[in-house]
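In: dropping the sequence and predicted coords here.
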Amino acid sequence: MVSLKDIASKCNVSVATVSKALNDHSDIGAETKARIRRTARELGYVPNAAAKSMKTNRTHNLGVLFMDDANSGLQHDFFASVLESFKKEVEREGYDITFISNDRTRPGRTSYLTHARYRRFDGVIIANVHFDDPEVVELVKSDIPVVTIDHIYNDTTTILSDNVDGIKTLVDFVVANGHKDIAYIHGADSSVTRTRLVTFNKQLEEHGITVPDEYIQESPYRDTHGAYEKTLELLDLPNRPTCIFYPDDYAAYGGMRAVMEKGLKVPDDVSVVGFDGIKVARHIRPRLTTYRQDADGLGTQAAKNLIDLIERPKTTLIKQIVVKGKLLEGDTLKKLN
């Protein structure tokens, strides 16, 4: 195994100089750094992770706590993209990631916090979980640096998709196209759902549009069957809506199936609006009108802020960062005006 002494001998410098160059100390010239690093690569030098951990008191390993009600895991189009951008950013900074198991039937299972301490995570990112779960709350309140995505806790950095802007943008676009009978099948109760629902009602109110109670329905996120059933209920109303909002793009396709099975057409008879902007939605015809969340931006911001909390705790503020998305005009919204 190549050591710092081998690199120092090859470059005719001291071991201390090699160490400083590899750790990017400012008192080593750029040319010397480049020469030492080039030599280290040529010799196949690999840093001793255990020694580095003892010196810095960090393992350079981050925990990822992620799950969803549908148990889709990394097949979840939106959060898979968020986690991929998170992974790329932390790896660029020299960190690895480990998923925290949420299988509560696993023999010998420990709590999330106990697992995180056992693995000696430097920090944890939490996304798409049941945020009121006592184990999640325990982890958030611990001394381990934590960043959450799309849920706000006191004294915890949160990366938020701009759900307010997303719903406002969609409502304004739908109303501008002449729709007044607008229904909303929203997701299961959560802070994100509440934000979206309040914004939906408020924005329509500002347009002078009243939403009947029967136009508001609930179905779990990414549940095509639930959205299908709720859409059938809306289509059976004496005054059926001309446009239906869905909690996400997957659910929207369940709704579109219900419309077609009723012998109706999208968007000629009923318009459909999604949320998320998953890639497949741009390739299926008719293309879905939706709001694309910036998954890459969410993941990158989560990574940068978690690393700041770990490496610069005394100068890093706890904050909420809102990441905007954008409207994707598709073919599932009919122009009534």
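Out: Great, that's in hand.

In: what ranges does the protein have for its strands?
Out: Secondary structure of the chain (DSSP state E): strands located at 61-66, 96-99, 123-127, 146-149, 157-161, 182-186, 216-218, 243-245, 271-273, 290-292, 320-323, 326-328.

In: residue 3 is nearest to which of these?
Out: The closest of these to residue 3 is strand 96-99. By Cβ to Cβ, the value is 22.9 Å. No exception for glycine: its C-beta is placed from N, CA and C like everyone else's.

In: can you list the strands that the closest one pairs with?
Out: Partners of strand 96-99 in the sheet, by DSSP bridges, are strand 61-66 (parallel).

In: how distant is stretch 10-29 from the center of its chain?
Out: Taking the mean of its C-alpha atoms, stretch 10-29 sits 39 Å from the chain's own mean (Cα atoms, centre = their mean, to the nearest Å).

In: what's in contact with that stretch?
Out: If you take Cβ atoms under 8 Å, 6 or more residues apart in numbering as the criterion, stretch 10-29 is touched by 4-5, 7-8, 32-33, 35-37, 39-40, 43, 47.

In: stretch 278-294 too?
Out: With Cβ under 8 Å, 6+ apart as the test, stretch 278-294 has contacts from 77-78, 161, 166-167, 169-170, 173, 249-250, 252-253, 266-267, 271-277, 323-333.

In: model confidence over it, on average?
Out: The average pLDDT for stretch 278-294 rounds to 89.

In: weed out the non-buried ones from the contacts of stretch 10-29.
Out: Among those, the ones that count as buried by 16 or more other Cβ atoms under 10 Å are 4, 7, 8, 33, 35, 36, 37, 39, 40.

In: if I pick the second one, what's in contact with it?
Out: Meaning residue 7. Counting by Cβ under 8 Å, 6+ apart, residue 7 touches 18, 36, 39, 40, 43, 45.

In: so can I have JSON lines of those showing pLDDT?
Out: Output for these, formatted as JSON lines (pLDDT from 0 to 100):
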{"residue": "18", "pLDDT": "89"}
{"residue": "36", "pLDDT": "91"}
{"residue": "39", "pLDDT": "92"}
{"residue": "40", "pLDDT": "89"}
{"residue": "43", "pLDDT": "88"}
{"residue": "45", "pLDDT": "83"}
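
In: span of stretch 305-317 from start to end?
Out: 9 Å (Cα to Cα, to the nearest Å).

In: on that earlier part again, okay if I get the strands of the chain as CSV plus distance to residue 115 and mean neighbour count?
Out: Formatted as CSV, those follow (distance: least, Cβ to Cβ, whole Å; neighbours: other Cβ atoms under 10 Å):
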stretch, distance to residue 115, mean neighbour count
strand 61-66, 8, 21
strand 96-99, 9, 14
strand 123-127, 10, 25
strand 146-149, 14, 24
strand 157-161, 21, 23
strand 182-186, 33, 24
strand 216-218, 33, 16
strand 243-245, 38, 27
strand 271-273, 40, 26
strand 290-292, 34, 24
strand 320-323, 27, 15
strand 326-328, 37, 15
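
In: of all these, which one is nearest residue 210?
Out: Among those, if distance is taken as Cβ to Cβ, the winner is strand 182-186, at 10.4 Å.

In: got the CA positions of that closest one in PDB?
Out: Extracted C-alpha coordinates of strand 182-186, given in PDB (Å, rounded to 0.1, in the frame of the first residue of the first chain):
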ATOM      1  CA  ILE A 182     -62.200  23.200 -11.100                       C
ATOM      2  CA  ALA A 183     -61.900  20.100  -8.800                       C
ATOM      3  CA  TYR A 184     -58.900  19.000  -6.800                       C
ATOM      4  CA  ILE A 185     -58.000  15.500  -5.800                       C
ATOM      5  CA  HIS A 186     -55.200  16.200  -3.300                       C
END
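
In: adjacent strands (with direction) for that strand?
Out: strand 216-218 (parallel), strand 243-245 (parallel).

In: any chance of a markdown table for the ones you listed, columns mean pLDDT and distance to residue 124?
Out: Listed next are the strands paired with strand 182-186 as a markdown table, based on pLDDT from 0 to 100; distance: least, Cβ to Cβ, whole Å:
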| stretch | mean pLDDT | distance to residue 124 |
| --- | --- | --- |
| strand 216-218 | 97 | 30 |
| strand 243-245 | 98 | 33 |
